[in-house]
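Asker: After the sequence you'll find the predicted model.
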Amino acid sequence: MQKAKMDRAAGSTLGSGEKTHRRRHFFSDRRLFIAATLTPSVIVLFMLTIYPFIANLWYSLLSYQLTRPQNTAFVGLRNYINILTDPEFLAAVQRTAIYVLSAVGLELVLGMLIALLLSQNLHGESLFRSLLVLPLAATPIAVGLIWRLMYNPTGGLVNQILKGAGLPPGKWTSSTATALPSLIIVDIWQWTPFVVLILLAGILALPDEPFEAAKIDGANALQSFWHLTLPMLSPLIYTAALFRFIDSLKAFDIIWVMTGGGPGRASTTVNLHAFRTGFEFLRMGNAAAMAILMLILAIVVSTILLRRSTIGR
Amino acid sequence: MTRRTKLKLSRLLAYVALIVFFIWVLLPIAWALSLSLKSPGDIIRIPTSFIFTPTLANYLKVFYTGEFMRQFGNSLIIGSASTLLALLIGIPAAYTLQRYRFAGRDRLDFWILSTRMAPPVAVLIPYFLLFQRLKLTDTHIAIIIMHLSVNLVLVIWLMKGFFADIPEELNEAALVDGCTHWGAFFRIALPLARGGIAATAILAFLFSWNELMFALILSGSASKTAPVGIFNFIGFEEVAWGPLMAAAIIMLLPIVIFALSVQRALVRGLTFGAVKG
């Protein structure tokens, strides 16, 4: 009796290959449990991924203008061709590339620097970590509004500080040339703590022996960083890069509230362009096509980064 | 320079660099706070000074006039509902994904991971059209559904990590003793994961609280959330700096409280489980 009980219990978490003596083999307790706990989530996941993907794919093949739905017709790949040859779209792609590469690149460098500094035994570590959380958790739109005021050419904090330091004031978000960099600065402000937190945990988890051995062999700090720290942290760096890349592609709130994509189109990224196309110009077909293109890009780059990150197996 | 001096110098430099960094982090929030407490006359005064007579007029304006408090309430309702639902659906799923091996588990894992890649616009377009057809725009439920889907992924991701912290032997012991799978889940795993559940709940609520794009498009005057409503303070003619900053601080307040109290859990969630805190 005991053995049968043990067999049944042991069989339930050791994989589905165990044969057990029970009446209903297929609908076992274990199977029912797994099905019951997973099904609601699978349904929601389906609604979140499959449905939008198929719907967008379908809409992207139509000439769907929401203000004139009666003119909707199947146009095949015409939307894609129009988009990919549209100079506005291409300009948006260029801006997005600048935004993403600058922001992520600088965040990785700055984040690594701060993480290295914090990894030494300093007082107030817990306080520092609490402070790091603030920009990350803060409502992006509140952050955007605060920075928008800070960037105000006359009354804003940024120019006042520059003036106080004897430096020339800037036009920040009011000029087409400086709008994008201004936004990148805010992105860095908000997300560097993210990189810091990830890399800091990684640095603290590194083993001591290689570094001690290196010191004995006469290596200085820079050498041990370049040849030891960097390679050992590289999967984690790729993880941080992956997350930041995906999230910066999706950046919306801050750009929307600070410049609305302007002045003119100076800070319109692909994400904003797609949003505008769909929800201001109501050209659903085009917007859907842009969404599909964004998705493809995200998947391609993610797959490359994923393999080298800590999540990729 | 002796080795010792070098070391002390580098530590000093580290402190300085860190202090500069953290001033950079805090300055915007501090400035916003000061603006929110200033009277209109003080606000326009240049140069800005941090010394002034504070006034609560801006906050009173936000609380008593306009719709902001109602939008605040909407955010609370939508946040709580989507968090609760995400927890109810996601926690059992996370448990099963972590504890049980079955066909297709890795594929399911990857599917969940891949949901992060979808740009919100891609999700918004079909759902906007769908909700329009179903006449569900400007309802709480539409936004709750959208926030639920994203929060669900967050809940599953985080709770998997928290469940992984509970040793498997406890599970197996329970099952050997004749516990059903449900029993092991409810009586062993859940109570032990209490802290993780609280942390996850806070993060899910935080996401919903901060969310803008879905709320912007799917809400109308009845269901507008706080992030959308804050735009009201940006008039056509001018921007009401004082009340605007007051509204921003009000939005940030719960976050600041969370950040200081449940810092570890927040770190874990905000780095998507990459940092255990």
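Answerer: Nice, thanks for sending it over.
Asker: Give me the local confidence score for residue 252.
Answerer: You didn't say which chain, so I picked chain A. With respect to pLDDT, A:F252 scores 90.
Asker: looking at chain B here, not the other one
Answerer: 87.
Asker: same check, this time on the one 3 residues further on
Answerer: For B:I255, the model assigns a pLDDT of 78.
Asker: so what's it up against?
Answerer: Contact analysis of B:I255 by CB atoms under 8 Å, 6 or more residues apart in numbering or on different chains lists A:L134, A:A137, A:A138, A:T139, B:L206, B:W209. All C-beta spots, glycine's among them, are computed from the backbone N, C-alpha and C.
Asker: and if you look at B:S114?
Answerer: By CB under 8 Å, 6+ apart, the contact set of B:S114 is A:T49, A:I299, A:S302.
Asker: In TSV: those residues, plus neighbour count and distance to B:P54.
Answerer: Shown next, in TSV, are the contacts of B:S114 (neighbours: other CB atoms under 10 Å in any protein chain shown; distance: CB to CB, whole Å):
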residue	neighbour count	distance to B:P54
A:T49	21	49
A:I299	14	51
A:S302	21	48
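Asker: Helices - which of these land there?
Answerer: Secondary structure from DSSP state H places A:I299, A:S302 of these in helices.
Asker: Could you measure from the residue nearest to the spatial centre of chain A over to A:Q190?
Answerer: The C-alpha lying nearest the average C-alpha coordinate of chain A belongs to A:D247 (CA atoms, centre = their mean; 1.9 Å). A:D247 sits 10 Å away from A:Q190, going by CB to CB, to the nearest Å.
Asker: cool, and A:I141?
Answerer: Distance from A:I141 to A:Q190, by CB to CB: 12 Å.
Asker: List the residues that are in contact with both of the two.
Answerer: A:I254.
Asker: Mean confidence (pLDDT) on the helix ranked longest in chain A, please.
Answerer: Taking DSSP H as the criterion, chain A has its longest helix at helix A:87-119. Mean pLDDT, computed over helix A:87-119, is 92.
Asker: what's the answer for stretch A:44-61, then?
Answerer: The predicted model assigns stretch A:44-61 a mean pLDDT of 90.
Asker: what ranges of the chain fall below the confidence cut-off?
Answerer: In the absence of a named chain, chain A is used. Of all residues in chain A, those with pLDDT under 70 make up the ranges A:1-26, A:122, A:124, A:310-313.
Asker: um, chain B though
Answerer: For chain B, the ranges with pLDDT under 70 are B:1, B:45-48, B:235-238, B:272-277.
Asker: go with 90
Answerer: B:1-26, B:29-76, B:98-123, B:129, B:132-142, B:149-150, B:154, B:157-207, B:209-277 (pLDDT under 90).
Asker: ok, A:A201 to B:P28 distance?
Answerer: Taken as CB to CB, the span from A:A201 to B:P28 is 26 Å.
Asker: Looking at these two, which one has more neighbours?
Answerer: B:P28 (24 against 19; other CB atoms under 10 Å in any protein chain shown).
Asker: Okay, the more buried one and chain A: tell me how far apart.
Answerer: From B:P28 over to chain A the distance is 5 Å, taken as CB to the nearest CB, to the nearest Å.
Asker: isn't that residue right up against A:L149?
Answerer: No: with contact defined as CB atoms under 8 Å, B:P28 does not count as touching A:L149 (9.2 Å).
Asker: Common neighbours of the two, please.
Answerer: Taking CB under 8 Å, 6+ apart as the contact rule, B:P28 and A:L149 both touch A:L157.
Asker: Does B:G220 touch B:H140 like I think?
Answerer: No: using CB under 8 Å, B:G220 is not in contact with B:H140, being 11.0 Å away.
Asker: which one of these two has more residues nearby?
Answerer: Neighbour count, other CB under 10 Å: between B:G220 and B:H140, B:H140 has more, with 18 against 10.
Asker: helix, strand or coil for the residue nearest to the more buried one when sequence neighbours are not counted?
Answerer: Spatial nearest neighbour of B:H140, chain neighbours left out: B:S223 (5.0 Å); criterion: CB to CB, 6 or more residues apart in numbering or on different chains. Using DSSP: H, G, I helix; E, B strand; the rest coil, the structure places B:S223 in coil.
Asker: how much space is there between B:S223 and B:T139?
Answerer: 6 Å.
Asker: ok, those two, which is more surrounded?
Answerer: Shown here are B:S223 and B:T139; by other CB under 10 Å, B:S223 has more neighbours (21 against 17).
Asker: need the contact list for B:W241.
Answerer: Contacts for B:W241 (CB under 8 Å, 6+ apart) come out as A:L149, B:L35, B:I43.
Asker: could you pull out the helices for the stretch 101-250 of chain B?
Answerer: For the stretch 101-250 of chain B, the helices defined by DSSP state H, counting those that start in this stretch occupy B:105-114, B:120-133, B:140-164, B:168-176, B:181-183, B:190-192, B:194-210, B:213-218, B:226-229, B:241-261.
Asker: Check the stretch 201-313 of chain A too.
Answerer: Under DSSP H, counting those that start in this stretch, the stretch 201-313 of chain A gives helices at A:209-216, A:221-224, A:230-249, A:253-258, A:270-279, A:284-308.
Asker: Would you reformat these as a markdown table and include distance to chain B?
Answerer: Formatted as a markdown table, the helices of the stretch 201-313 of chain A follow (distance: least, CB to the nearest CB, whole Å):
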| stretch | distance to chain B |
| --- | --- |
| helix A:209-216 | 11 |
| helix A:221-224 | 8 |
| helix A:230-249 | 6 |
| helix A:253-258 | 5 |
| helix A:270-279 | 5 |
| helix A:284-308 | 4 |
